[in-house]
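Novice: please find the sequence and the predicted model below.
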Amino acid sequence: MRKVTEKTPDLPLAGLRVTDFGQMWAGPHLSQWLAVMGAEVIKVETYLRLDFMRMIGIPPGFARDNFNAGTAFASLNYGKKSITLNMNEPRAQELAKKLIKISDIVTENFGGAILERWGLSYEAMKKLKPGIIYYAGSGYGRSGPAKSRPSYAEIVEAYDGSTYLNGYPGGGPATVGVSPWTDATQAMHGAFAIMAALYHRDRTGEGQYIDGAMIESSSNFLGEMVMGYTMNGELGERRGNRDKYMAPHGCYRCLGNDEWVAIAVDGQHEWAAFVKAIGSPKWAEKAEFKNEKNRRKNQDELDRLIEEWTRQHHQYEVMELLQKAGVAAGASLNIKDLVSDPQLKARQFFIETEHPVLGVLTLPGLPWRPDGKQKGNYSYPPLLGEHNDYVFGELLGLNKEEIVKLKEEKVIY
Amino acid sequence: MGALDGLKVLELSEFISGPYCGKILADLGAELIKIEKPDGDAARRWGPFPGDIPHLEKSGLFLFLNTNKLGITLNIESESGREIFRQLIKGADILIESNQPKEMARLGIDYRSLKKLNPALIMTSITHFGNTGPYKNYKGSDLINYHMSSEAFGNPTEGVDDRDKYPPLRGPMHAADFMTGLTAAVCTMSAIIGRQRDKVGRHVDISAQEALASVTRQELAFCLCEGLYPTRQEGRKRVGGFLYKCQDGYVNIWIGPHWQKLVTMMGNPDWTEVELFKNPALRAEHQQDCNKLIELWTQEHTMADIDRLGIEYDVPLAPVRTVKEVVNDEQLAYRNFFVEIDHPVAGKLKYPGAPYKVSATPWEIKRHSPLLGEHNAEVYKRLGYSKKDIDGLKRAGII
């Protein structure tokens, strides 16, 4: 486990401050990258409308409405600070403006131009802080006929064509994976764009407005499909675990219950190595399997025969045996197997942090490590409003009485 | 002006993950020299090809992934090829590579060796499992990595009726490779920012397995904190968007807090009043029954009808569209998303465009993907090679 530290002076984004209005998945995942990389991310929340993720994945033993116990929220918000502001209140809007004045970046992923309604258009923010980088994430973009349509990851997956192409060969379309895939594509394209904008700002002093449409980042992942259509009018096909050229190329049953292994054999040389590794069975000499083209044509039969062999072994056994022979193979891991996978363990992919409500909390880290012996900023996911006193007192200079009063009057709320 | 103007990038990588990382940098203005083996990047042989006729200069995957790059050929298996590579390294800010660690060591171009030549170099190594750990030299691929990260185990999200018959499933196209490339770009960019401060280079170690496992973060949290883990059984999905059959295809509807609007949109059917579906918690418990009833309604409508009603009633939904509808989409056209790029061999084609709109330093296509070795003369001349030298290298099979 990577142990958590709050002292992060040498991280790449140290010294930068982010005012973050992100919510749900894509927004928080974006600012989570910036936070772990060292930026001070101040998440603006409100009791009036909680980040939905605070209520998701509350472990047994905690009240169903304990908004500090949501593990989905925890997985998306470590490294950040939390303040509460009731932005319907003009005084709250003024405080947000003060915070933006001392920020480098503002991020949000509201369903529309909410910030504008609060007097925080890009033009207004630029006046408050020249050089500000403002990132607005949305499903369809902040312009055009669909700009106000509500959207979520699965909706964008249907809209961008990935649902149509996801599924078993010969079967129907299917939504991708267990996780909001397109949320991740948007969040990470956004994190990249913000850092590129920072690089530009550091050299020129100039800020940017970044309009990040989920549909436009996710469509880039489907570039191959777009090219196929513009070249040949092709709609593409559901390949599932199969490949356009390679065979065998699939996922095969193993010895245990619902235990599987993925195998990809590339070319004749690997085929020969594969055949030898599985004990040179007689069937492998047949003309039907002589070359890649034949194997692809007779893939159903080929897969059946391979499965006769994989069924006698555990997934990691198959993987180790084939990898030793120079053939790509990998255990098809369930989420619980991932936690004990030797490679992820050796690389300390999981992080451990002490959370005031949840106790010792183990979570997936980011697939990023800072230089040398440093650790990323994995401070525990903030309690709602935990940093109100620090932000409004220390950073914005309000005195204790003022803060108490603003809390009582539900401005800091 | 591009945001990354002036940054010099070398790409010693092929197919998807490394080239997508490179494309993201190059499309915002970095100068990128792509180094190909004399017989070219594997993506040149992948397709799609116009009329399905294979041609090294007409592969759609390659054309899309290598915009704004200069292309040279170089055989780094030869010592003189490696000498040229080392010269290129001396003038580079960033190297993107995706070779097995043992291969880089064998060629004497691992990070430790290159750092001596250029201490400020940022080297981004994209591998299937990372540069450390027991699997560091294992082979992987889009398929293997998708499965090794647990992404496949929960796919399809709707589940299957027979888990023995339907294996865990890879995502569409090359989703895993693209996600890996994007992760590499984000991490590389942070290294660039970090280097601004201390002027010291870095080794950025990207594992595809981790890049993909990271996306399952909330499911990992449920597993680690609650002992829950998703499999492919039908009905396991309780929140988010669901697929419903309609007259001529499918739609995805995301109910969540939009239940009342959905009920109104469907014309207030009687069943929505029953106790079973009264509140979100009860509905989640009876999600499958609820979905079957919603489907009775969707099946009587076309995708276009439901799409129109979704706009009218402000319900988050989308028909399951093919690429044809994507390319001809009104919203994307309004935002000028698709770009037309002219290529000397493949001709004029529509490509996906900017993944983000940045106001001061717009994303821009300045050059089409390079022909094989298109910039050999230009790049090698910069290193001080004469035309005669270049011809000699060509004859020797080095470039």
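Specialist: Alright, I've got the coordinates. Just so you know, these numbers come straight off a predicted model, no measurement behind them. Residues are numbered from 1 along each chain as shown, chains lettered A, B, ... in the order given.
Novice: make it CA atoms for all contacts and neighbour counts henceforth
Specialist: Will do.
Novice: I figured A:Val318 was touching A:Thr310, is that so?
Specialist: Yes. The criterion here is Cα atoms under 8 Å, and A:Val318 meets it with A:Thr310 at 6.9 Å.
Novice: which residues are common contacts for these two?
Specialist: Here A:Val318 and A:Thr310 have A:Val261 as joint contacts, going by Cα atoms under 8 Å, 6 or more residues apart in numbering or on different chains.
Novice: I'd like to know how many residues surround A:Ala277.
Specialist: By other Cα atoms under 10 Å in any protein chain shown, the residues close to A:Ala277 number 18.
Novice: mind listing what it touches?
Specialist: Counting by Cα under 8 Å, 6+ apart, A:Ala277 touches A:Leu321, A:Leu322, A:Ala325.
Novice: ok, A:Val318 and A:Thr310, which is more surrounded?
Specialist: A:Val318 (25 against 21).
Novice: pLDDT score assigned to the more buried one?
Specialist: For A:Val318, the model assigns a pLDDT of 98.
Novice: got the buried residues for the helix or strand hosting it?
Specialist: Using DSSP states H and E, the element containing A:Val318 is helix A:315-324. Within helix A:315-324, the residues that qualify as buried are A:Gln315, A:Tyr316, A:Glu317, A:Val318, A:Met319, A:Glu320, A:Leu322, A:Gln323, counting by 16 or more other Cα atoms under 10 Å in any protein chain shown.
Novice: how about the residue of the stretch 251-399 of chain B found nearest chain A, what does it touch?
Specialist: Closest contact between the stretch 251-399 of chain B and chain A, by Cα to the nearest Cα, is at B:Pro355 (4.1 Å). Going by Cα under 8 Å, 6+ apart, B:Pro355 touches A:His189, A:Gly212, A:Ala213, A:Glu216, A:Ser217, A:Ser218, A:Ser219, A:Asn220.
Novice: of those residues, which are in range of chain B?
Specialist: Applying Cα under 8 Å from any Cα of the partner chain to those, one finds that A:His189, A:Gly212, A:Ala213, A:Glu216, A:Ser217, A:Ser218, A:Ser219, A:Asn220 fall near chain B.
Novice: most neighbours among the residues you listed, which one?
Specialist: A:Ser219 (29 neighbours).
Novice: which stretch of helix or strand covers that residue?
Specialist: Going by DSSP H and E, A:Ser219 is in helix A:214-220.
Novice: what mean pLDDT does that helix have?
Specialist: 97.
Novice: helices and strands around that helix, which ones?
Specialist: Under the contact criterion of 3 or more Cα pairs under 8 Å, 6 or more residues apart in numbering or on different chains; DSSP states H and E, helix A:214-220 touches helix A:153-159, helix A:181-204.
Novice: for B:Asn252, which of those helices is the nearest?
Specialist: For B:Asn252, the closest of those is helix A:153-159, at 5.9 Å, according to Cα to Cα.
Novice: chain center to that closest one: distance?
Specialist: Computed by Cα atoms, centre = their mean, to the nearest Å, the chain-centroid distance of helix A:153-159 equals 15 Å.
Novice: strands along the stretch 201-350 of chain A, start to end?
Specialist: For the stretch 201-350 of chain A, strands defined by DSSP state E, counting those that start in this stretch occupy the ranges A:208-213, A:249-253, A:260-264, A:328-331, A:350-355.
Novice: show me the residue at the heart of chain A, geometrically.
Specialist: In chain A, the residue lying closest to the centroid (Cα atoms, centre = their mean) is A:Ala184, at 3.6 Å.
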